[in-house]
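[1] Here's a sequence, model it:
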Amino acid sequence: MSRMPLKPSTVSSGMGWRTSLRSKLARARFLGHDMTTISIPKHVGRLTGPAVLALLFTALAVSTWGCWPDLLIDFGRELYVPWRLAEGSVLYRDIAYFNGPLSPYFNSWLFRVAGTSFRTITSANLVLALLLVVIVYRQIVRWTDRLTATLACSVMLIVFLFAHLVAIGGYNFISPYSHELTHGMVLSVLALSLMTADHLGTANWKAAAAGVCWGGVVLGKPEVLLALTGGIGLLAVGEYVGHGRAWRGWLGRWAVFCLAGCGVIATAALLLATRMPLRDALLGVAGGWRWMVTTDVQNQVFYRAVTGLNEPWLNLGRMALSGITVAMVLVAVVLIDRSAKVGSRRSAALASLLVVGAIGMRGQLSPMVLDPRVLPLAMIALTISLAALILRSLRRSVPKREWIIWMAWALFALLMLSKMLLAPRFRHYGFALAMPATVLCVVLLVYWLPPVLCRRWRGGRLCMSVLIGLCIVDLGFVWHASEMVVRMKGLVVGSGADRIHGYDAESARRDVLLARTVNAIKTGVPADATMLVLPEGVMLNYLTRRSNPTPYINFMPPELEMFGQRRILHAMQANPPDFVVIAHKDTTDYGVRFFGSPTYGQQIMQWVNQHYHVVEAFGAEPLKSECFGVELLERNAKHSYLSILNRR
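    Below is the predicted model:
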């Protein structure tokens, strides 16, 4: 039986929702179906969505304030390097660094303007996080509706921007383990938004601004550059195909983009070349690409586990299981919609069995639909589907620009997952790498799929409502898991604008011992003394404002692979630090347990043992057992700092 389209008056007044006919027609044009036969909520008020997101942003910022970083791992570099640059040091010449120069110099500029402090960095990151939410919200509203945009941005806030899903801090946007990742994400989203903002051939200033953003991403991390270049490249090819005979406008637009991007890269190289040889400046601009080509870092045990290549078949099996369970939930939701629409008890019973089966196969209630293991499969399916629509339309006419734009976003999201393709997750690196794909999945779940899956019985509204409810339930589980970790951080380390929250004595002994170490260094080590921390813990240098006399600030397996143990040892011998701090660190994830073993840092450790002696210890002896401990060592000399202080 043929379907009769609903009248506009019926579309705009159902269930108390004021749904515009224009939005239904837009969705119909995008999907290629007669979607005016159903009524799906759209308008939730022009200010309701932004108000909800503003309240959520504020609540998350207040509840997690100061708990974002880790006191020992990674984030100390994000504070120490900008501090030293603000004091006059030069990146790559005075500080060994393996990423591009944009983020360290941007953060050092913040320190010069607003003062050197943890609060300065986090305040700037809060602004950038808010900017990211605004851009994403506007993009989603442009192509879908405010309800979908509000839900997608809520997922961003709870799961990615503020989450604390593992014991180690630093995997969030406010105190990230690497600012190159978060800065690159903001620049990438901004670049894609600018290049899709206008019709073809217009607003060359936006193309120039997008090119500047791309150039900034070049000066960051390789994985973000790969994703952005893939998305932008697909957009350029798609626009060329859709341009028809007006190729001059397309060429001018993308020429402006390329010139602006290359201009940023050249400017960065020339500025660095004023302080170092041109070759070193070019290698610095190359950033992580240099080490990917010249070393074997990416094949270390840790990074293979991150990618999922350590157990590929097991990880593929887990992804398949997650895909099956999510598909079962989707089918169940569709059956619920059908049961409510046509009154089928059989559909309701089958839906119940599918939900129970999915929970049984998964072994837990959550996640029901927001499962990170499904993200690569979803992005591959979305990209292939859009490509099929585009290729099919090419036989008849020019493809719809909406398809090209969404395919570019889908490819960008898929390439962002490449670093953890077989082991996708929200925690750890997933706080940034999984975010674009998750946002697209939310849009797919609550906006695109319901009208397509339920069009036979002219349903979709209940399906959409149930999927929104399941997303909210999954968000609740994530928020609860994050809050459980945050509540354990009752210890305050540092003072004033450098106040950071760590785990209290009841939760973990590590941060308590680190706090005692910071106080001991501040009171017992002279302000002009130099200090080096092994194998990781440059946060101690920053919190005590004791500089490292060598260019090397981290001594984890990747750094020793990139810079070389012999080169690091020569730098320590040429400029020996007055004090050395040895902080316990189990590096089993990298294939070797402790620093100082025959295959990891043995020469450096032997030299330290020969030329330094322990003056104070906190906790267990480091690098010997599972128990955490810290040792403060002083260089052997007739007139040491501490001996002079003791005589006084």
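[2] And the helices in the stretch 51-200 of the chain, which stretches?
    Here the stretch 51-200 of the chain has its helices, by DSSP state H, counting those that start in this stretch, at 75-86, 102-114, 118-143, 146-155, 179-195.
[3] what about residue 492, how many neighbours?
    13 (other Cβ atoms under 10 Å). All C-beta spots, glycine's among them, are computed from the backbone N, C-alpha and C.
[4] Assumed it was part of a helix.
    No - assessed with DSSP: H, G, I helix; E, B strand; the rest coil, residue 492 is strand; it does not lie in a helix.
[5] wait, doesn't it sit right on residue 501?
    Yes - Residue 492 is in contact with residue 501 according to Cβ atoms under 8 Å; the separation is 6.2 Å.
[6] which element is residue 259 on?
    Following DSSP states H and E, one finds residue 259 within helix 247-273.
[7] who touches the next helix or strand after that helix?
    Under the assignment DSSP H and E, the closest C-terminal helix or strand after helix 247-273 is helix 278-286. Residues from elsewhere that reach helix 278-286 (Cβ atoms under 8 Å, 6 or more residues apart in numbering): 91-93, 97, 100-101, 218-219, 265, 268-270, 272-273, 276, 290.
[8] which intervals of the stretch 151-300 of the chain have sub-threshold pLDDT?
    Across the stretch 151-300 of the chain, the stretches falling below the confidence threshold (pLDDT under 70) are 198-202, 242-247.
[9] Kindly report the same for the stretch 351-500 of the chain.
    Within the stretch 351-500 of the chain, the ranges that satisfy pLDDT under 70 run 397-399.
[10] for it, what spans make up the strands?
    491-493, 500-502 (DSSP state E, counting those that start in this stretch).
[11] Tell me which of those strands sits most buried.
    Counting by mean count of other Cβ atoms under 10 Å, strand 500-502 has the highest mean neighbour count of the strands of the stretch 351-500 of the chain, with a mean of 24.
[12] Mind listing residues that contact that strand?
    With Cβ under 8 Å, 6+ apart, strand 500-502 has contacts from 65-67, 69, 71, 118, 489-494, 511-512, 514-515, 543.
[13] hmm, try it at 7 Å
    66-67, 69, 71, 118, 489, 491-494, 511, 514-515 (Cβ atoms under 7 Å, 6 or more residues apart in numbering).
[14] Report the buried members of those residues.
    Neighbour counting with 16 or more other Cβ atoms under 10 Å marks 66-67, 69, 71, 118, 489, 491, 493-494, 511, 514-515 as buried within the contacts of strand 500-502.
[15] Any chance of JSON lines for those, columns distance to residue 230?
    Output for the buried ones among the contacts of strand 500-502, formatted as JSON lines (distance: Cβ to Cβ, whole Å):
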{"residue": "66", "distance to residue 230": "37"}
{"residue": "67", "distance to residue 230": "35"}
{"residue": "69", "distance to residue 230": "31"}
{"residue": "71", "distance to residue 230": "37"}
{"residue": "118", "distance to residue 230": "35"}
{"residue": "489", "distance to residue 230": "38"}
{"residue": "491", "distance to residue 230": "43"}
{"residue": "493", "distance to residue 230": "41"}
{"residue": "494", "distance to residue 230": "41"}
{"residue": "511", "distance to residue 230": "40"}
{"residue": "514", "distance to residue 230": "41"}
{"residue": "515", "distance to residue 230": "45"}
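[16] Pull the contacting residues for the nearest residue in space to residue 544 that is not next to it in sequence.
    Nearest residue to residue 544 in three dimensions, chain neighbours excluded: residue 521, at 4.5 Å (Cβ to Cβ, 6 or more residues apart in numbering). Residue 521 makes contacts with 540, 544, 546, as judged by Cβ under 7 Å, 6+ apart.
[17] For burial, what's the neighbour tally of the last one?
    So the one you mean is residue 546. With other Cβ under 10 Å as criterion, residue 546 counts 23.
[18] Dead centre of this structure: give me the residue that sits there.
    What sits nearest the mean C-alpha location of the chain, by Cα atoms, centre = their mean, is residue 432, with 1.5 Å.
[19] Measure how far stretch 446-455 is from the centre of its chain, please.
    29 Å (Cα atoms, centre = their mean, to the nearest Å).
[20] Ok, stretch 432-448 next?
    14 Å.
[21] That one: end-to-end distance?
    With Cα to Cα, to the nearest Å applied, stretch 432-448 spans 24 Å between its terminal residues.
[22] buried ones in it?
    Buried residues in stretch 432-448, defined by neighbour count with 16+ other Cβ under 10 Å: 432-448.
[23] just checking, which of those residues belong to helices?
    In this view, the buried residues of stretch 432-448 that belong to helices under DSSP state H are 432-433, 435-443.
[24] between those, which is closest to residue 182?
    The nearest member of those to residue 182, counting by Cβ to Cβ, is residue 432 at 6.2 Å.
[25] Not counting its neighbours along the chain, what's nearest that closest one?
    Computed as Cβ to Cβ, 6+ apart, the closest residue to residue 432 that is not its neighbour in sequence is residue 181, at 4.8 Å.
[26] Would you enumerate the residues in contact with the one you found?
    Applying Cβ under 7 Å, 6+ apart, the residues near residue 181 are 221, 224, 432.
[27] Need those in JSON lines (columns: distance to residue 346).
    Formatted as JSON lines, those follow (distance: Cβ to Cβ, whole Å):
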{"residue": "221", "distance to residue 346": "52"}
{"residue": "224", "distance to residue 346": "49"}
{"residue": "432", "distance to residue 346": "45"}
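[28] ok so, going back, from residue 213, how far out is the residue nearest to residue 432?
    Using Cβ to Cβ, to the nearest Å, residue 181 is found at 15 Å from residue 213.
[29] Which of the contacts of helix 278-286 are buried? Put it as a PyMOL command.
    Command for PyMOL that selects the buried part of the contacts of helix 278-286, burial taken from 16+ other Cβ under 10 Å:
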select buried, resi 91+92+97+100+101+218+219+265+268+269+272+273+276+290
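[30] Show me what the helix holding residue 259 packs onto, helices and strands only.
    helix 204-218, helix 222-243, helix 278-286 (3 or more Cβ pairs under 7 Å, 6 or more residues apart in numbering; DSSP states H and E).
[31] Now those helices in TSV, please, with extra columns for distance to residue 600.
    Shown next, in TSV, are the helices and strands packed on helix 247-273 (distance: least, Cβ to Cβ, whole Å):
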stretch	distance to residue 600
helix 204-218	32
helix 222-243	25
helix 278-286	25
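[32] Comparing those helices, which stretch has the densest surroundings?
    Most buried of the helices and strands packed on helix 247-273, by mean neighbour count (mean count of other Cβ under 10 Å): helix 204-218, with a mean of 22.
[33] Who are the packing partners of that helix?
    Right, helix 204-218 is packed against helix 179-195, helix 222-243, helix 247-273 by 3+ Cβ pairs under 7 Å, 6+ apart.
[34] if we can go back for a sec, the residue nearest to the centre of the chain contacts residue 182, doesn't it?
    Yes - counting by Cβ atoms under 7 Å, residue 432 touches residue 182, with 6.2 Å between them.
[35] returning to that earlier point: do you know which of the helices of the stretch 51-200 of the chain lies nearest residue 368?
    helix 146-155 (13.6 Å).
[36] For residue 581, which three-state class applies?
    Secondary structure assignment for residue 581 (three-state DSSP): strand.
[37] from memory it sits against residue 539, does it?
    No - with contact defined as Cβ under 7 Å, residue 581 and residue 539 do not form a contacting pair (10.8 Å).
[38] List the contacts of the spatially closest residue to residue 439 that is not a sequence neighbour.
    Computed as Cβ to Cβ, 6+ apart, the closest residue to residue 439 that is not its neighbour in sequence is residue 152, at 4.9 Å. Going by Cβ under 7 Å, 6+ apart, residue 152 touches 136, 140, 439, 442-443.
[39] go on, residue 307?
    419-423.
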